[in-house]
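In: Compute the structure for the input listed below.
(one chain, ligands or ions: 1)
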Amino acid sequence: MRISVVGTGYLGAVHAVCMAHLGHEVSAYDTDAAKIDRLASGASPFYEPGFEEMLAEVLTTGRLHFTHDPKEAVSGAAVHFVCVGTPQSPGSNAADVRYVNSAVAMIAEHADSPGLVVGKSTVPVGTAQRLSDELAGTAASDLLELSWNPEFLREGKAIEDTLHPDRLIFGVTSEHAEKTLQQVYSRLIEAGTPHLTTDLATAEMVKVAANSFLATKISFINAMAEVCELVNADVVTLGRALGYDERIGRKFLNAGLGFGGGCLPKDIRAFSARAGELGASDSLTFLHEVDKINVRRREKAVTVAGAMLGGDCLGKNVAVLGAAFKPNSDDVRDSPALNVAAALHLKGADVRVHDPRAISNAKAIFPTLTYCETVEDACRNVDLIVLATEWDEYCAIDPVAFRSLVRQPRLLDTRNAIDRDYWVGAGWSVYALGRGAMAPTTKAE
Ligand code: UDX
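Out: Coordinates of the predicted model:
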């Protein structure tokens, strides 16, 4: 099948590569010519495990083609995937849908054969129906039909989530659109992927509801962490115990610094803003609480760090391990780790940040922090280590070896990622968010 993919950010680039991997003829388009050239040369504009390897594989088949010519991208395609971003609007919580609008308008302008426009971007509920109505008023109304097929991929697991999704959602207005989407994803459907056909609005709702639920689950366990800290209970054990209940489930119950990234924070705010427009703000007031609990975790980490430094950050050296919003990603959008680093810097600490992948992205938004090439460099002579993103290499740090590197053996584990007993046994004072403080059980030499 001949497919166009409009937008080659995280979602679009991964989708284009996976569609070509599944055997389709794909032309991927972006207004950012530098990004297109980079992808065409086989280099990834972002870090995603397995992506560059699959890009190389599909480029050699000749089935994937990158272009900055909209006509070339759209011409002759039977399916047009809209994969552009919907960032938070400046000055409001609502989603900015201008890139989606222009992508659909561009497809309508250049389409020269019958095709299905398939929205994948996360949009305010009602956007698909509006776009469908707008398409009906264009010269391409006889050629194009609109559908919505939300994307659920996670950064760091994007290839796996695209090729082995938990479910496929087809928001359509005709049987022809449903059949076309079944054809696009035939290999996944044959492999047993559950697929549901819905109307346009339900398809949009599935995405925002799923992200709201995930955010709520994380904030739920973080609210429990706040209470655990007051009664000397252990939120990690609590999460494990809750998870054995199959109705609750263990996933997304990891207490710590909370959620960040380009999706969950923005999407719950945009959903609340949309509910307000629809006259349903009462239905989603809990999402405001979810957001507040999440932000409080970052503040709590900064407060605990200050206390561990004796109440005064000024002149103290602090290593912040992690800048990405989660491990296996170089994405620093709304990163809790970077927020904590910046807040400690503002309080006068000399903050050294390390991250295996995200340093150049972090430098672009927080240029005044000090960035280190190695974990050892970041931790040398510090008064406190803050573990802020649970990369494997941080979880594997040897507290015995690092004891002689630092000025004060103090660790704030904001992700509940390390073996506390082992660290305190090696002479460290450890504070784990939601679990509290532990003093060293051996005297440091
Ligand atoms: C999310 C959704 O999972 C995905 O389905 C959607 O398509 C896009 O948004 P992503 O932003 O890649 O994906 O990250 P995710 O793995 O969901 O993690 C989001 C944040 O929550 C991270 O900052 C992570 O550290 C945090 N998190 C996750 C927790 O704090 N605790 C958990 O138990 C799980």
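In: My read is that Gly76 contacts Ser113, right?
Out: Yes: Gly76 lies in contact with Ser113 (Cβ atoms under 8 Å); the separation is 5.7 Å. The C-beta positions use only the backbone N, C-alpha and C, and glycine is treated the same way.
In: Need the residues that contact the host helix or strand of Glu376.
Out: Following DSSP states H and E, one finds Glu376 within helix 375-379. With contact meaning Cβ atoms under 8 Å, 6 or more residues apart in numbering, helix 375-379 is reached by 319-321, 352-354, 372, 385, 393-394, 397, 402, 405-406.
In: Quick check: the residue of the stretch 1-150 of the chain nearest the ligand.
Out: With Cβ to the nearest ligand atom, the shortest gap between the stretch 1-150 of the chain and the ligand falls at Thr122, namely 7.6 Å.
In: For the contacts of helix 375-379, pick the one with the most neighbours.
Out: When neighbours are taken as other Cβ atoms under 10 Å, the top entry among those is Val320 (34 neighbours).
In: Return the residues of the chain in contact with the ligand.
Out: 151-155, 211, 214, 218, 252-254, 256, 258-261, 263-264, 325-326 (Cβ under 6 Å from any ligand atom).
In: tell me which residues in the helix or strand that contains Val430 are buried?
Out: In this assignment (DSSP H and E), Val430 forms part of strand 429-432. Of the residues in strand 429-432, 429-432 count as buried by neighbour count, 16 or more other Cβ atoms under 10 Å.
In: Any chance of CSV for those residues, columns pLDDT?
Out: CSV is the format used below for these (pLDDT from 0 to 100):
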residue, pLDDT
Ser429, 98
Val430, 98
Tyr431, 98
Ala432, 97
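In: which one of those sits closest to the ligand?
Out: Ala432 (13.9 Å).
In: nearest spatial neighbour of that closest one, skipping sequence neighbours?
Out: Asp413 (4.5 Å; Cβ to Cβ, 6 or more residues apart in numbering).
In: Kindly state the beta-bridge partners for the one you found.
Out: Leu387, Ala432 (DSSP bridges).
In: Report the contact partners of it.
Out: Taking Cβ under 8 Å, 6+ apart as the test, what Asp413 contacts is 387, 420, 430-433.
In: Quickly note the distance from it to the ligand.
Out: Separation of Asp413 from the ligand (Cβ to the nearest ligand atom, to the nearest Å) stands at 13 Å.
In: mind checking pLDDT for that residue?
Out: Asp413 is assigned 98 on the pLDDT scale.
In: How about Ala444?
Out: At Ala444, pLDDT is 53.
In: cool, Thr441 as well?
Out: 89.
In: Spatially, what comes nearest to it if we skip its sequence neighbours?
Out: Nearest to Thr441 is Val424, by Cβ to Cβ, 6+ apart, at 5.0 Å.
In: how about the helix or strand where the one you found lies: buried residues?
Out: Taking DSSP H and E as the definition, one finds Val424 inside helix 420-425. Of the residues in helix 420-425, those buried by neighbour count under the rule 16+ other Cβ under 10 Å are 420, 423-424.
In: that older thread, tell me the average confidence for the helix holding Glu376?
Out: 98.
In: Off-centre distance for that helix?
Out: 26 Å (Cα atoms, centre = their mean, to the nearest Å).
In: can you pull the contacts of the nearest residue to Gly322 once chain neighbours are set aside?
Out: Closest residue in space to Gly322, ignoring its immediate chain neighbours: Thr389 at 2.5 Å, by Cβ to Cβ, 6+ apart. By Cβ under 8 Å, 6+ apart, Thr389 lies in contact with 321-327, 335, 337, 355, 415.
In: can you check Glu226 too?
Out: Applying Cβ under 8 Å, 6+ apart, the residues contacting Glu226 are 293, 296, 300, 434.
In: redo that, cut-off 10 Å
Out: Shown in contact with Glu226 (Cβ atoms under 10 Å, 6 or more residues apart in numbering): 235, 255, 293, 296-297, 300, 433-434.
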